[in-house]
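# My questions are about this predicted structure, shown below with the sequence.
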Number of protein chains: 2
Amino acid sequence: MNKTVRAAPLAALEELRALLGDRLSTGASILDEHGRDEAYTPPQRPDAVAFPENTAEVSAIVKICARHGLPVIPYGTGTSLEGQVVPVAGGLSLDMSRMNRVIEVHEKDLDAVVQPGVTRTRLNDELRATGLMFTVDPGADASMGGMASTRASGTNTVRYGTIRENVLALEVVLPDGEIIRTGSRARKSASGYDLTHLFIGAEGTLGVITELTVKLHGLPESTLAATCAFETVDDAVETVIQAIQCGLPMARIELLDEVQMRGMNLLHADLGLAELPHLFLEFHGSEAGVQEQVATFREIAEAFGVRNFDFATRMEDRNRLWAARHQAYYAAKALKPGSSGVVTDCCVPISELARCIGRTKQAIAMSGLVAPLVGHVGDGNFHLVILVDPDDEAEMTRARELASSINRIALSLGGTVTGEHGVGTGKKKYMPAEHGAAYSLMACLKAAVDPLNVMNPGKLV
Amino acid sequence: MNKTVRAAPLAALEELRALLGDRLSTGASILDEHGRDEAYTPPQRPDAVAFPENTAEVSAIVKICARHGLPVIPYGTGTSLEGQVVPVAGGLSLDMSRMNRVIEVHEKDLDAVVQPGVTRTRLNDELRATGLMFTVDPGADASMGGMASTRASGTNTVRYGTIRENVLALEVVLPDGEIIRTGSRARKSASGYDLTHLFIGAEGTLGVITELTVKLHGLPESTLAATCAFETVDDAVETVIQAIQCGLPMARIELLDEVQMRGMNLLHADLGLAELPHLFLEFHGSEAGVQEQVATFREIAEAFGVRNFDFATRMEDRNRLWAARHQAYYAAKALKPGSSGVVTDCCVPISELARCIGRTKQAIAMSGLVAPLVGHVGDGNFHLVILVDPDDEAEMTRARELASSINRIALSLGGTVTGEHGVGTGKKKYMPAEHGAAYSLMACLKAAVDPLNVMNPGKLV
């Protein structure tokens, strides 16, 4: 972590002020807000925060910063989980919240063109009349630009893909201020290098995303949500593995372990769920198709001793269920009032999921810490929220060691140290172990695209 | 087209001979074979052809070539369509056909690890006992490395995605001989730049793919193929557009216009199909699911006056149908015996498909040429085979002009100049128009990864 912040060149801030007027802020509360994300990352104030309103302004801002060597840190909703938006070397936080228009919805093509500051729920609100939906749903109401930049996914990735599979085209301001467009609205192309996917997951280190063309999906004719409980996490996981292996097109299949369920009950007593490992499920399709899926799933689950199969057919029951799931982080924290959460996520091939979770639970037990486990297990992806008192240095150290050991387990099983939270500053230390010589190629690309290291320095590479 | 071939540094060939023995060939017929692909691209011999047997050999070969400045041109099956494998600046053709092992099949994870020389039918043969399939199917029996390098797709992309969506991880030898691994067998990851997708579609200009981890899909419980005829291409296309827009999970939906059907009947009289625009269809799912899809599709097609709905439920009938579809190029050529085909492909947003095909048919009529049209229309993608006498310079000029006008039409409708054939040498001229300033970023990436311009020079960038 870079602790030495250079004084921002005064000249740069003066030029930015001339460009943006009162849309350049140096107020203390604004600086504080833009100096942290939702991870337990040490906060660090930017020198100033800019609120651009269009792509031309972003380009002008980036040109000024490049000329003066002032770091630019793109900022969406500040809900990243590995320190991605923290200005570790100071600089300008580029808050995209005013670029929040849904520019075009092409109902016939199942796509939409949006600005990066649009959040996922806002986009879905605007789509309500169309019968279409945008599917990527990390827990937070993140912005489109932020989700693309961190390669976000969420509960229904197992059916509809991560944001990587749901972005067709981008407009990007490069580190020298040049504006480019990548991809097109055509569903496929073999025309040149895949620049779109170079910027997805780049965490703002290669440029600023100023527009996205995203895929939409038709709302399913029929939706059925369900919860079911198992005696052991193993039984739940084996059920998931078999459902995925037999090609069941589950829309959502989420694991919450017995520790997480205890927290859920503290926060959502009305759900009335047993304190046993649970799967939260959703099935999409035609009426008949959903019934067929449920029957197949049930057969698999029964072989693993499923209990308490509860169906939520009414939309309000479904919404309550998924709202509770998306608030899992807060439910976890309810287990240890006043605690902070050290969050980690990993992802392994589905055949290794039971082994990975088993070893993880062992590691938690050995650590003596409380760490509920939830996961998008249909993707082989799960999260821990390790509950700590941030002022207890010894506990923090144990928490970091536990997170490290989970990531080592995932790598040893052919997985990745982050399924969806990204690298930021928090997971840079694992990059050489995960990528080997390929990590040098990432550095080579960064140096080529951003030779002055203006864009979000200190992150990812 | 670069016509000046430097004499290959003799020293490089000597070192390569010492490494490879008789797996380095300079025989005339081998050089001829590796000097062309299936496009009408002027052939150009390589200086030599190498047949490596493992990744370490590829690395050693690339190191020798880099040291001597000898171009390296990765070669799969030579079935590319835009001159991708033609050594326009001479050099070493790197024939990957001996690296043709299916290394691992992970049935539980629905993936396989393969060498780049494995062809798609060979992989599916090896998978036969598993109930799994590899889905990407360009017409030719292309190699896995070649398909990844050209970002191939095919008839069932509309359901299962292009190769871009079906590669999880790669092993790549970089232009300096370094061996890297990108991605992992985990289904998703937010860990660092997306190097896997940087190499997919790079046409061998950034390195040599030496291993691929690809996704597999379960064989459908039920499969039903069908053909249906329409009075006009417009009616067929509108049927496709509506089927896609209503989210029907078609496995294949292929258009063959009346000109192409005439050629089909010359080559496959036994199919006995009317010389009208046709859709060739395939439905995958459960028994009930397939019947549901067919009923919905039929309802849409009937609104557009569908005729001659013929179902092929028996596997041998289905295979005959799709074999005929995959031989569309040869059927086209049967319309003008002795002709060559100038092939072009483009892809547009589905809402623009009817307009794009309408304008294309007008352009064909104005050109006075014979040019059957076939397409993966569910993706918005179609091909023309413009039939020419290659010795008739005036006709060749008209054919090139026709191809150009099709590509301009696609760009004007928000599409791409190539849905699946790639850039090679044939489509480089359209790159600035399609990509604008982003094309310079592609050049910047090429220069960073391959500063000596060793890897397949003259292609794509």
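Cool, got the structure.

# pretty sure residue A:39 is touching residue A:81, no?
Yes - with the criterion set as Cβ atoms under 8 Å, residue A:39 and residue A:81 qualify as a contacting pair; they are 4.7 Å apart. Placement of C-beta: from N, CA and C, glycine included.

# Can you tell me the closest non-neighbouring residue to residue A:423?
Distances taken as Cβ to Cβ, 6 or more residues apart in numbering or on different chains place residue A:460 nearest to residue A:423, at 4.5 Å, with adjacent residues excluded.

# which residues does that neighbour contact?
Each residue near residue A:460 by Cβ atoms under 8 Å, 6 or more residues apart in numbering or on different chains is listed here: A:202-203, A:205, A:422-424, A:428, A:431, A:442, A:446, B:192-193.

# rewinding a little: residue A:39 and residue A:81: who's more crowded?
Comparing residue A:39 with residue A:81 by neighbour count (other Cβ atoms under 10 Å in any protein chain shown), the higher total belongs to residue A:81, at 28 against 23.

# my read: residue A:253 touches residue A:281, true?
Yes - applying Cβ under 8 Å as the test, residue A:253 and residue A:281 come out as touching, 5.6 Å apart.

# Work out which residue lies at the spatial centre of chain A.
For chain A, the residue lying nearest the average C-alpha position, counting by Cα atoms, centre = their mean, turns out to be residue A:152 (3.7 Å).

# Helix, strand or coil: sort out the closest residue to that residue other than its chain neighbours for me.
Distances taken as Cβ to Cβ, 6+ apart place residue A:138 nearest to residue A:152, at 4.6 Å, with adjacent residues excluded. For residue A:138, the reduced secondary structure class is coil; criterion used: DSSP: H, G, I helix; E, B strand; the rest coil.

# Check for me that residue A:177 belongs to a strand.
No - going by three-state DSSP, the assignment for residue A:177 is coil, not a strand.

# Just the pLDDT at it, thanks.
Turning to residue A:177, the model gives it a pLDDT of 98.

# thinking the residue nearest to residue A:152 is in contact with residue A:419, fair?
No - with contact defined as Cβ under 8 Å, residue A:138 does not count as touching residue A:419 (11.1 Å).

# what is in contact with those two at once?
Counting by Cβ under 8 Å, 6+ apart, the common neighbours of residue A:138 and residue A:419 are residue A:153.

# Quick one: check stretch A:285-295 for contact with chain B.
Yes - between stretch A:285-295 and chain B, judged by Cβ under 8 Å from any Cβ of the partner chain, the touching residues are A:286, A:288-289, A:292.

# Return the members of these classed as buried.
When neighbours are counted using 16 or more other Cβ atoms under 10 Å in any protein chain shown, the residues of stretch A:285-295 next to chain B contain these buried positions: A:286, A:289, A:292.

# one step back: look up how far residue A:460 lies from the residue nearest to residue A:152.
18 Å (Cβ to Cβ, to the nearest Å).

# So which of the buried ones among the residues of stretch A:285-295 next to chain B are in helices?
The members of these that map onto helices under DSSP state H are A:289, A:292.

# will you turn the buried ones among the residues of stretch A:285-295 next to chain B into CSV that also has pLDDT?
CSV is the format used below for those (pLDDT from 0 to 100):
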residue, pLDDT
A:286, 90
A:289, 91
A:292, 93
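
# Just name the closest of the buried ones among the residues of stretch A:285-295 next to chain B to residue B:132, please.
Nearest to residue B:132 among those: residue A:292, at 21.1 Å, using Cβ to Cβ.

# who's in contact with the residue nearest to the closest one when sequence neighbours are not counted?
Excluding its sequence neighbours, the residue lying closest to residue A:292 (Cβ to Cβ, 6+ apart) is residue B:286, at 5.9 Å. In this structure, residue B:286 makes contact with A:292, B:221-222, judged by Cβ under 8 Å, 6+ apart.

# Give me the next element, helix or strand, following the lengthiest helix in chain A.
Secondary structure assigned by DSSP H gives helix A:393-412 as the longest helix of chain A. Of the helices and strands lying after helix A:393-412 in sequence (DSSP states H and E), the nearest is helix A:431-435.

# List the buried residues for the following helix or strand past that next one?
Beyond helix A:431-435 in the direction of the C-terminus, DSSP H and E gives the next helix or strand as helix A:437-449. Of all the residues in helix A:437-449, those buried under the rule 16+ other Cβ under 10 Å are A:438-439, A:441-442, A:444-446, A:448-449.

# what's helix A:437-449 packed up against?
Helices and strands touching helix A:437-449, by 3 or more Cβ pairs under 8 Å, 6 or more residues apart in numbering or on different chains; DSSP states H and E, are helix A:431-435, strand B:179-183, helix B:195-199, helix B:437-449.

# Please give me every residue in contact with the residue lying closest to residue A:245 once chain neighbours are set aside.
Once its chain neighbours are removed from consideration, residue A:245 has its nearest residue in residue B:108; the separation is 5.7 Å (Cβ to Cβ, 6+ apart). Contacts were defined as Cβ under 8 Å, 6+ apart; by that measure residue B:108 touches A:241, A:245, A:350-351.

# Can you tell me which member of the residues you listed has the lowest pLDDT score?
Note: of the contacts of residue B:108, the lowest pLDDT belongs to residue A:245, at 84.

# For burial, what's the neighbour tally of it?
Around residue A:245 sit 16 other residues, with neighbours defined as other Cβ under 10 Å.

# Also residue A:18?
Residue neighbour count, defined by other Cβ under 10 Å, stands at 10 for residue A:18.

# And it, how far from chain B?
Using Cβ to the nearest Cβ, to the nearest Å, one gets 26 Å for the distance from residue A:18 to chain B.

# Straight-line length of stretch A:268-286, end to end?
Between the start and the finish of stretch A:268-286 there is a gap of 31 Å, counting by Cα to Cα, to the nearest Å.

# The closest residue to chain B within chain A - nearest residue in space that isn't next to it in sequence?
Residue nearest to chain B within chain A (Cβ to the nearest Cβ): residue A:448, separated by 3.3 Å. On the basis of Cβ to Cβ, 6+ apart, the spatially nearest residue to residue A:448 that is not a chain neighbour turns out to be residue B:448, at 3.3 Å.

# Does that neighbour touch residue A:446 like I think?
No - in terms of Cβ under 8 Å, residue B:448 does not count as a neighbour of residue A:446; the distance is 9.5 Å.

# before we move on, the earlier item: put together CSV for the contacts of residue A:460, with pLDDT and distance to residue B:99 on each row.
Listed next are the contacts of residue A:460 as CSV, based on pLDDT from 0 to 100; distance: Cβ to Cβ, whole Å:
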residue, pLDDT, distance to residue B:99
A:202, 98, 32
A:203, 98, 35
A:205, 98, 35
A:422, 97, 34
A:423, 97, 32
A:424, 97, 38
A:428, 97, 34
A:431, 98, 29
A:442, 98, 26
A:446, 98, 31
B:192, 98, 27
B:193, 98, 26
